[in-house]
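Chemist: With the sequence up front, the predicted model follows.
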Amino acid sequence: MRFFLYNIGFYFFNATFWLLSFFHKKAGQIIDGRKKSLEELKNIRIEGRVIWFHCASLGEWEQTIPVVSQIKLSGDFKVMLSFYSPSGFNHAKRTDLVEWIFYLPADLPGAYEEFFSRLDIRGISFTKYDIWPNLVKSARKRNIPLFLFGTEIRPGSKYLKKHSFFYKLLENFSWISCNVYQSTTLLKHAGFDEVYTDGSPKLERAADVARLSYKDELIESWKNDKFVILGGSVWSEEISWLTEMARSNDFGEIKIIIVPHEPTDEVIKTLSHDCGSNVVLFSQLDKNSIEKSIMIMDKVGYLSRLYRYADLALVGGGFGKGIHNIAEPAAYGIPVVSGPNNKAFSEAVQLEEEGIYLVARNYNDWIIIVREMVNNLQRRELIRLKSQTFFGKQMGSSLRIAKRILEYADRT
């Protein structure tokens, strides 16, 4: 009955989504992407055993990369990767690890038949939360093991309520891997046995990226040893803080990089106007503009590398659905700030306890933090040392998860 009601509801949702695709760019990209992926499936040839990884979007893929890297080292399995969102499909890094990248089809009965008939799928792994019921049901009919990692469960979660639709979904998984002990404890108390605390691949991936060699001489010239504040994936609230700072001229010789979460032409144009004449777009940065104090990022895919040039990071999302990736800047050893909406992220608790991450509830909080960090080199050095220690302890989570995936996939 649960699946019947789900399918009825999803048919209506899918029809509405299809109509929306004529007016909404992102919905249109998803519909078009699904069509192209299903066409590719008709001709796809992946020889050998396959492990399927599914990610909602780019953030989930970023924390999946170290796990897939370990899988590929074994040499025993091929990998295919599905996304729900265009942000993942269009901007995914390390695609060299994957034999095929595609859009997940609409989660309707029968949607996955051709996938299973054409490919030798030995396991399906979901990252964090994007679990699709008909995919789960189709896999279990074929005795294909299901894995879930990067899991974070809070008290009162819908996945903890016995006999609920979501609880029944989790019962189909061979095992669940959690980032922190609290999530593991909650799931075990709810009746799940195969639950492990492996640590966070998200934190491990952030540390890996921070260690990568990267050098941009033009940005180094623009920085010119000045104190740099980087607003990463910022929305309107954080942008207003940064533009207010830019107009005040009250903080000495600092420089600001603004990376909007959605760098559309309209957003970039408005932002450039609000920042005044002392601004340069990243795409237009040259030797003649390195004296500009504000840089606006108008390209996608640079943020994780730009943090190495910052002395303080302001991460967006804390006044919306939830903070974006605070682990990326923290891994560079710089203080990180966001708005207060951070409750769904275990790394926020961990990094706040270490004193690496701070919460600003309003512009006044933010300015107090800025003044402290600009003037207190000793505190910034302490944060850098704490970051080194903290991220050093995160290594190994992806190896533990990959070994368990391989173990179960080998049995099928």
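Modeler: In hand now; what should we look at?

Chemist: how close does the residue most central in space within the chain get to residue 83?
Modeler: The residue lying closest to the centre of the chain (C-alpha atoms, centre = their mean) is residue 59, at 1.5 Å. Separation of residue 59 from residue 83 (C-beta to C-beta, to the nearest Å) stands at 11 Å. Heads up, the C-betas are built off the backbone N, CA and C, glycines and all.

Chemist: Quick check: neighbours shared by those two?
Modeler: Taking C-beta atoms under 8 Å, 6 or more residues apart in numbering as the contact rule, residue 59 and residue 83 have no neighbour in common.

Chemist: residue boundaries of the strands in this protein?
Modeler: For the chain, strands defined by DSSP state E occupy the ranges 49-55, 78-83, 100-103, 120-127, 146-151, 175-178, 195-197, 227-234, 254-260, 279-281, 294-296, 312-315, 336-338, 357-359.

Chemist: between the ones you listed, which one is nearest to residue 248?
Modeler: With C-beta to C-beta as the measure, strand 254-260 is the member of the strands of the chain nearest residue 248 (10.8 Å).

Chemist: elements contacting that closest one?
Modeler: strand 227-234, helix 236-248, helix 265-275, strand 294-296, helix 303-306 (3 or more C-beta pairs under 8 Å, 6 or more residues apart in numbering; DSSP states H and E).

Chemist: how near is residue 191 to residue 269?
Modeler: Between residue 191 and residue 269 the computed distance is 54 Å (C-beta to C-beta).

Chemist: what's the answer for residue 55, then?
Modeler: 32 Å.

Chemist: What about the residue lying farthest from the centre of the chain? Give its phi and psi, please.
Modeler: Distance from the centre of the chain peaks at residue 288, with 35.4 Å (C-alpha atoms, centre = their mean). With angles defined as degrees, to the nearest 10, residue 288 sits at phi -80, psi -10.

Chemist: pLDDT score assigned to it?
Modeler: If you check residue 288, the pLDDT there is 89.

Chemist: ok, now residue 275?
Modeler: At residue 275, pLDDT is 81.

Chemist: same question, the one 10 residues further on
Modeler: Residue 285 carries a pLDDT score of 91 in this model.

Chemist: Residue 147 versus that one, what's the distance?
Modeler: If you measure residue 285 against residue 147 using C-beta to C-beta, the figure is 43 Å.

Chemist: returning to what we had before: so which of the helices and strands packed on strand 254-260 comes closest to residue 394?
Modeler: Taking C-beta to C-beta, helix 303-306 is the member of those nearest to residue 394, at 16.2 Å.

Chemist: Show me what that closest one is packed against.
Modeler: On a contact count with 3+ C-beta pairs under 8 Å, 6+ apart, helix 303-306 meets strand 227-234, strand 254-260.

Chemist: Residue 392 is nearest to which of those?
Modeler: Among the helices and strands packed on helix 303-306, strand 227-234 comes nearest to residue 392, with 22.9 Å by C-beta to C-beta.

Chemist: Could you check how far that closest one is from the centre of its chain?
Modeler: The gap between where strand 227-234 is centred and where its chain is centred comes out at 18 Å by C-alpha atoms, centre = their mean, to the nearest Å.

Chemist: next one: stretch 359-373
Modeler: On the basis of C-alpha atoms, centre = their mean, stretch 359-373 sits 25 Å off its chain's mean C-alpha point.

Chemist: how does the chain divide up, domain by domain?
Modeler: Following automatic domain parsing, the chain resolves into domains at 2-200+395-411, 214-392.

Chemist: Those domains: which one's closest to residue 208?
Modeler: Closest approach to residue 208 among the domains of the chain is made by domain 2-200+395-411 (6.3 Å; C-beta to C-beta).

Chemist: Residue 285 and residue 147 - which one has more neighbours?
Modeler: Each of residue 285 and residue 147 has its neighbours counted (other C-beta atoms under 10 Å); residue 147 has more, 23 against 18.

Chemist: remind me which residues of the stretch 101-250 of the chain are low pLDDT?
Modeler: For the stretch 101-250 of the chain, the stretches with pLDDT under 70 are 249-250.

Chemist: about what we covered before: so who does the residue nearest to the centre of the chain touch?
Modeler: By C-beta under 8 Å, 6+ apart, residue 59 lies in contact with 324, 325.

Chemist: Which pLDDT value does the model give residue 366?
Modeler: Here the pLDDT value assigned to residue 366 is 96.

Chemist: how near is the residue nearest to residue 121 when sequence neighbours are not counted to residue 77?
Modeler: Once flanking residues are discounted, residue 121 sits nearest to residue 50: 5.0 Å by C-beta to C-beta, 6 or more residues apart in numbering. Here the distance between residue 50 and residue 77 works out to 7 Å (C-beta to C-beta).

Chemist: where do the contact lists of these two overlap?
Modeler: residue 122.

Chemist: Give me the number of neighbouring residues for the residue nearest to residue 121.
Modeler: Residue 50 has 20 neighbouring residues, counting by other C-beta under 10 Å.

Chemist: which intervals of the stretch 301-412 of the chain have sub-threshold pLDDT?
Modeler: Using pLDDT under 70, nothing in the stretch 301-412 of the chain is flagged.

Chemist: And residue 69, how far from residue 201?
Modeler: Taken as C-beta to C-beta, the span from residue 69 to residue 201 is 10 Å.
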